Each structure stands twice: as structure tokens, then as C-alpha cells.
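Q: curious how this folds, go ahead:
(one chain, ligands or ions: 1)
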Amino acid sequence: MIDDLINVADFERVAAEKLDAGTLGYFAGGAGEELTLRENVEAWRRWRFRPRVLTGGAEVSTESELLGAPLAMPVLVAPVAYQRLVDPEGEVGMARAAAEAGTAMCLSTLATTRPSELAAAAPPGRRWFQLYCFRDEAVTRAMIDEAVGSGFEAIVITVDAPPAGNRERDRRTGFEIPEGLGVPSVAAALGVDRAVTIEETFRLMEPALSWSDLGDLASDCGLPVLVKGLLTPEDAELAVQHGAAGVVVSNHGGRQLDRSLATGDALSEVVDAVAGRATVLVDGGIRRGVDVAIALALGADAVLVGRPALWGLAAAGAEGAQRVLELLRAELELTLALCGCASPAELDRSHLRRAPATSVYSAE
Ligand SMILES: Cc1cc2nc3c(=O)[nH]c(=O)nc-3n(C[C@H](O)[C@H](O)[C@H](O)COP(=O)(O)O)c2cc1C
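A: Numbers count the residues shown, from 1 in each chain. Next comes the predicted model:
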């Protein structure tokens, strides 16, 4: 079956058939009227390539370097909560898929597997930990310590939540996280031996984090810190000033502030503001290798994919997620070759132009 699925949309279709309406809505949905959710996808489609020919490049490779270590491709797995809702192995399967595909995975605070369990159960691979900050600094610290002790290489602090966005699909379907499926990283950090619910977790989170708190975390945490969930050059500048090793241009996959800028529209300004002082990543709406290439040409060092990898996991377990990552890698490799680039680093803004305002596609 899996060989018949030739792009991310095929995996999404199979995942949608497998999942019940509530679970599908939780993963597919966004905030409010879902304009940002849709526009994330559309923003990458508003660019056209200016390919170069006869560049004489022999071997084309998608290999990249990020935070000082190699990756088979500049496409990472974004932190997505509650992966056991779609597959019994959940995050462990996702970690195996990422490792097999030669890329890094970012584990969510809201994962159904805690960092130490993941490190023990999955094959060696590059892993980052996504952190939500808690009111009780000892809880935040305990989480960082577990990630450090489990070989995670970076801490990605998500700053566009809490509070959780207005997810109307979940309200319509009445979706709730099944009882018993707790948040083990939070339970461990609290030192309790019971399932900690999502509601309790959100109540414990720090709702008023400041740049000064971020700066303290960046200097104390012992790992590179990336700030995930900013969209403006102003905030990118502050992130760099407060010691961030990187920023992730993200609107949480359209799940938080509806009508916030699409990430493909926000990226260039952030790249210009950071001006090489930190790593710039982007996520949101990336569904094809051509989208990855556009993000790289605009100046991102790499991208993350949330739902695409999740659809792979839901459709066919770890093998499905791996296949999605490999599809994206192969599509990127072909795009590089057709643009006349031997590596991701060769893509730049000279390879892009805004799509004409009217084209045969405008009517779509
Ligand atoms: C169901 C779901 C759960 C998510 N959970 C988290 C999370 O726990 N922490 C986080 O930082 N981002 C979370 N995200 C956002 C992703 O990390 C990422 O920013 C987003 O999915 C990128 O958009 P894409 O799905 O279009 O690739 C979640 C996204 C989805 C779809």
C-alpha cells in the first residue's frame, strides 16, 4: 500500500480515512476560521523559480549542517503533541523514522513519551526538546535536565502558546484527549505517578514569560536555545540579543492566532533581521520539496514539518513517517537539480520571483 502513496497529500488522505472525526480534527485543524492554516500552505505557492541551467553541477546532495552537525536533509520533524493518538508507538515510531531518514526530531513537552524513554526506545539520532515554560521554575528545570541527560541537543522554547488557540473543530466534535493518555514529561517533572491531563498542564504553564526570562534560560540551560513561534524582525532581534542560538518562524501551524502572517510571508524579514547571527528555521504549510526549496532560497537554514510527518505516522506507522520524510528529501533533491544547484546552500533569492498577480492559477 505504502508504495502507492507518492506525495504528502496521498498520506494525508489515507490518514484521514483511518482517524475518527475528533482525532482528525485535532491534528488537521487550526484556530478560528482557519485562514492562517490555509494561508501557510498558499504562501509558498506565491513564488516561482528562476532556475539556472548549464551550471555544470555533477552530484546533487540535500545534505546540510545544522547547529554544527550533519543532516541528510534540511527538513526536520516539528514538535507535535500526543502522537500516540494516531499510532501505538507514537513518538518512538516518529523518532525511528527521523533517525532512519537521517534527520532530527523535535520532541514536544506534550508528547506521550518522555525524553528519557524516547532515548532508550528509539535508535540513536539527533533530537531536540520543545519546552513550554512552567510557573514553577523547578518543573521547567527538571524537564531541561531530563532532556540534557537523555542526549537531546537543543531546547526549543515555544513562545506562541499558552494560551491555547480557539480550536473550533475540537469544540464541534467534542474532542477530548482520552483519559489515561497523560503528559509523562510533566508527570516526571512534578514527581507524580499518575496521568497528568492537558488541562492541568496548561494551568501549570507560565502565561507571562518575558524576554528577560528567555535570556536567563538561554544562559543557564546548557544547550543551544531556539525560540519557536515568532513572526517579526523585531522579535527575532530580541531573540538574538537574549542569547538564542536560533529562531523558528512559526505560527504553530495556524493553531494559535488566526489571521497572523503566513510563515512564508514572514520569513524574509526575519532572515534579514537575524543577518547570519543565529540559525533561522521555519515551519507551517510545507507540503512539498518545492516548498522546502523556496524557504531555503528565502534564507532559512532548514524547515520543520508537523502534519506531513504525522500523516505518515497515522497512515503507516514509523515506516509511513519515514517514507514522507524521504519523499520530501527526494523532491528537494530534484528541485535543486532543476534549479541548477548542487546543494541547499546554493539556493538564494536570485532563484525566486513573486508569482505574477494574475496567472491561470489565480482562479483556483
Ligand atoms: C496537532 C498538533 C500539535 C502540535 N503540538 C505542538 C506542541 O506540542 N508544541 C509546539 O511547539 N508546537 C506544536 N505544534 C506546532 C508544530 O510544531 C508546527 O509548528 C506546525 O505543525 C507546523 O505546521 P505544519 O503542520 O503545517 O507543518 C503542533 C501542531 C499540530 C498540528
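
Q: identify each buried residue in stretch 319-333, please.
A: Neighbour-count burial for stretch 319-333, counted by 16 or more other C-beta atoms under 10 Å, picks out 319-329, 331-333. To be clear about C-beta, it is placed using only N, CA and C from the backbone, and glycine gets the same treatment.

Q: so what's the residue nearest the centre of the chain up against?
A: Nearest to the geometric centre of the chain sits Ala78, at 2.5 Å (C-alpha atoms, centre = their mean). Neighbour list for Ala78: 106, 253, 283, 304-306, 309 [criterion: C-beta atoms under 8 Å, 6 or more residues apart in numbering].

Q: who are the neighbours in contact with Gly22?
A: 170, 173-176.

Q: same question, Glu59
A: Taking C-beta under 8 Å, 6+ apart, one finds Ala342 in contact with Glu59.

Q: closest to Ala208 out of the buried residues of stretch 319-333?
A: For the buried residues of stretch 319-333, the closest approach to Ala208 (C-beta to C-beta) belongs to Ala321, at 35.6 Å.

Q: make CSV from the contacts of Ala78 and add distance to Leu118 to it.
A: Shown next, in CSV, are the contacts of Ala78 (distance: C-beta to C-beta, whole Å):
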residue, distance to Leu118
Cys106, 11
Gly253, 22
Asp283, 20
Leu304, 17
Val305, 19
Gly306, 18
Ala309, 15
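
Q: of the residues you listed, which are in range of the ligand?
A: Cross-checking these against the ligand (C-beta under 6 Å from any ligand atom) gives 253, 283, 305-306 as the overlapping residues.

Q: and those, which two are furthest apart?
A: Maximum distance among the ones next to the ligand among the contacts of Ala78 (C-beta to C-beta): 9.7 Å, for Gly253 and Val305.

Q: okay, those two: which has more neighbours?
A: Val305 (27 against 24; other C-beta atoms under 10 Å).

Q: show me the contacts for the residue lying closest to Arg46 once chain neighbours are set aside.
A: Closest residue to Arg46 apart from its sequence neighbours, by C-beta to C-beta, 6 or more residues apart in numbering: Ala355 at 5.0 Å. The contact partners of Ala355, by C-beta under 8 Å, 6+ apart, come to 45-48, 361.

Q: can you tell me the closest non-neighbouring residue to the residue of the chain found nearest the ligand?
A: Per C-beta to the nearest ligand atom, Gly306 is where the chain lies closest to the ligand, at 2.1 Å. Closest residue in space to Gly306, ignoring its immediate chain neighbours: Ala78 at 3.9 Å, by C-beta to C-beta, 6+ apart.

Q: and the pLDDT at the one you found?
A: At Ala78, the model reports a pLDDT of 99.

Q: run a quick neighbour tally on Gly222.
A: Residues lying near Gly222 (other C-beta under 10 Å) number 11.

Q: what sits against it?
A: 144, 148.

Q: repeat for Pro163
A: 202, 207.

Q: name the SS class of it, please.
A: Following DSSP: H, G, I helix; E, B strand; the rest coil, the label given to Pro163 is coil.

Q: dihedrals phi and psi, it?
A: Here is the backbone geometry of Pro163 (degrees, to the nearest 10): phi -80, psi 160.

Q: please apply the same query to the one 4 residues further on.
A: Here the main-chain torsion angles of Arg167 (degrees, to the nearest 10) amount to phi -90, psi 90.

Q: next, count neighbours for it.
A: Arg167, neighbours per other C-beta under 10 Å, totals 19.

Q: next secondary structure after the top helix by length along the chain?
A: Assignment by DSSP state H gives helix 307-339 as the longest helix of the chain. Using DSSP states H and E, the next helix or strand after helix 307-339 towards the C-terminus is strand 352-354.

Q: and that following strand, what other elements does it pack with?
A: Applying 3 or more C-beta pairs under 8 Å, 6 or more residues apart in numbering; DSSP states H and E, we find strand 352-354 packed against strand 47-49.

Q: buried ones in whichever helix or strand comes after the strand it packs on?
A: Next helix or strand after strand 47-49 toward the C-terminus (DSSP H and E): strand 64-66. Neighbour-count burial for strand 64-66, counted by 16+ other C-beta under 10 Å, picks out 64, 66.
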